[in-house]
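> Got a sequence here, can you model it:
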Amino acid sequence: MKIKKIVLIICLCFITISLVFAKNRTYRINKREKVQMRRIVQGVKTGELTREEAKNLVQNEREIQQMKKDAKSDGVVTIEERKELHKKLNQQSREIYKQKHDLDKR
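Predicted coordinates:
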């Protein structure tokens, strides 16, 4: 009886740990999102981005956040989901660069 309880407790611990790691598997994505938002804010402050450009970039960031939320909804972020998120973040990063370095100024 004691062995069954110990095994049950160990199983519950592993399940809890795996759920925590599943939620934290997007820490790099979180970091990239923060960096990109800082780049957008900095671009607005310096006048490199117009309000319309910034609005579009922020909307893209929201879409990426929604994708991340959807990926986490089942408790497991698969490798394919992470790859897709990083692909979108790469596209967003290139778009931020492009918008900051075009001739449009505020």
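> Wait, residue 44 touches residue 55, no?
No. Applying CB atoms under 8 Å as the test, residue 44 and residue 55 come out as separate, 9.9 Å apart. The way it works is simple: take the backbone N, C-alpha and C, and place the C-beta from them, glycine included.
> which of these two has more neighbours?
Per other CB atoms under 10 Å, whichever of residue 44 and residue 55 has more neighbours is residue 44, with 19 against 13.
> how much space between that one and residue 81?
Distance, residue 44 to residue 81, by CB to CB, to the nearest Å: 30 Å.
> so what's residue 37 closest to, chain neighbours aside?
Closest residue to residue 37 apart from its sequence neighbours, by CB to CB, 6 or more residues apart in numbering: residue 61 at 6.2 Å.
> Correct me if wrong: the one you found contacts residue 36.
Yes. Under the criterion of CB under 8 Å, residue 61 makes contact with residue 36 at 6.5 Å.
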